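1. return a 3D structure for these sequence lines:
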Amino acid sequence: MKLKIDHKSQVPLHIQAEELLRRLIESPEYTDGKLLPNEMELSKILSISRSTLRQSINKLVYDGLLTRKKGVGTKVVESKSLSSKSKNWMSFSQEMSARGIPIKNFELHVSWILPDKRIASFFGIKEGKKVLKLVRLRGRPEGPFVYFESYFHPLVGLTGEEDYKAPLYEMLEKAHGIIAMVSKEEISALSADEFIAEKLETPIGAPILFRKRFVFDINEKPIEYNLGYYKADSFVYTVESRRE
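-> The predicted structure follows:
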């Protein structure tokens, strides 16, 4: 099978490489769990850097199509072992879309701010280093039910000009090659203060579900610090535990 990257295309190189690798591992010779050529060989075949190739491979590992083992190499997952992605998690837009819930953006603001100690500590940066802050007030067409504040590590490469109406993690991957791999969350309950009450059009003191989400890339480096305030009567958070 001939693998060729179009260096004149507007499609990012890592996206092209990912699609070519998908076709490669679907070919008969790889369906039985065969090892892929090593990174150096593949990068020469595709005429791309090893770091670009690694982005593509990491995405296919995340999708459950490849496995990597140190000292062995990258291997195609046999079809009978493919994951159903039952442990996968999604952005808010993807969650709501999967449930058939129409979503409206009531507010969307992007700014550069100096992070407080919590955020700077999470990202491992100095407090004097600005980070991008994304504010979104979202809900059903009849009214808002969640207020989000997201902060992003400067190394993600966001400029503020991206399409923030698109699903966030899809945008990060397509625009910057960042794959959101791990989400660690803290859930708690609180009462709406004046600010949140006004945003969510609910009485002061009303119950609020407060969710902190800490998002890491495929190398477990922090990329997003997210705060979400949900109207308690509009949202149910479900946790499924499975005994292994």
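2. mind listing what's buried in the worst-scoring helix or strand of the chain on mean pLDDT?
-> The least trusted helix or strand in the chain, going by mean pLDDT, DSSP states H and E, turns out to be helix 92-98, with a mean of 70. Within helix 92-98, the residues scored as buried using 16 or more other CB atoms under 10 Å are F92, S93, M96. From N, CA and C alone the C-beta is placed, and that goes for glycine too.
3. do the same with stretch 213-225
-> So for stretch 213-225, counting by 16+ other CB under 10 Å, buried means R213, V215, F216, D217, I218, P222, I223, E224, Y225.
4. just the CA coordinates of that stretch, formatted as PDB?
-> C-alpha atoms of stretch 213-225 as PDB (Å, rounded to 0.1, in the frame of the first residue of the first chain):
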ATOM      1  CA  ARG A 213     -12.500  19.300  35.500                       C
ATOM      2  CA  PHE A 214      -8.700  19.000  35.200                       C
ATOM      3  CA  VAL A 215      -7.800  17.900  31.600                       C
ATOM      4  CA  PHE A 216      -4.500  16.400  30.500                       C
ATOM      5  CA  ASP A 217      -3.100  15.500  27.100                       C
ATOM      6  CA  ILE A 218      -1.800  12.200  25.900                       C
ATOM      7  CA  ASN A 219       1.500  12.700  27.700                       C
ATOM      8  CA  GLU A 220      -0.500  13.600  30.900                       C
ATOM      9  CA  LYS A 221       0.600  17.300  30.700                       C
ATOM     10  CA  PRO A 222      -2.100  19.700  31.900                       C
ATOM     11  CA  ILE A 223      -4.000  21.600  29.200                       C
ATOM     12  CA  GLU A 224      -7.300  22.800  30.700                       C
ATOM     13  CA  TYR A 225      -8.500  23.900  34.200                       C
END
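5. looking only at pLDDT, what's the mean for it?
-> Averaged across stretch 213-225, pLDDT comes to 92.
6. what about the strands in the protein?
-> Secondary structure of the chain (DSSP state E): strands located at 66-69, 73-76, 104-113, 131-140, 143-152, 180-191, 207-217, 222-231.
7. can you tell me which of the ones you listed the model trusts least?
-> strand 66-69 (a mean of 81).
8. mind listing what's buried in that strand?
-> L66, T67.
9. what strands flank it, and is each parallel or antiparallel?
-> Its sheet considered, strand 66-69 pairs with strand 73-76 (antiparallel) by DSSP bridges.
10. list the contacts of the strand it pairs with.
-> 25, 30-31, 33-36, 38-39, 57, 61, 65-69 (CB atoms under 8 Å, 6 or more residues apart in numbering).
11. looking at those residues, which is nearest K174?
-> I57 (17.2 Å; CB to CB).
12. residues contacting the closest one?
-> Applying CB under 8 Å, 6+ apart, the residues near I57 are L21, E39, L66, R68, T74.
13. was I right about the fourth one contacting L60?
-> No. Proximity of R68 to L60 does not meet the contact threshold set by CB atoms under 8 Å, at 9.8 Å.
14. do you know how far L13 is from L20?
-> 10 Å (CB to CB, to the nearest Å).
15. over to K221?
-> Applying CB to CB to K221 and L20 gives a distance of 26 Å.
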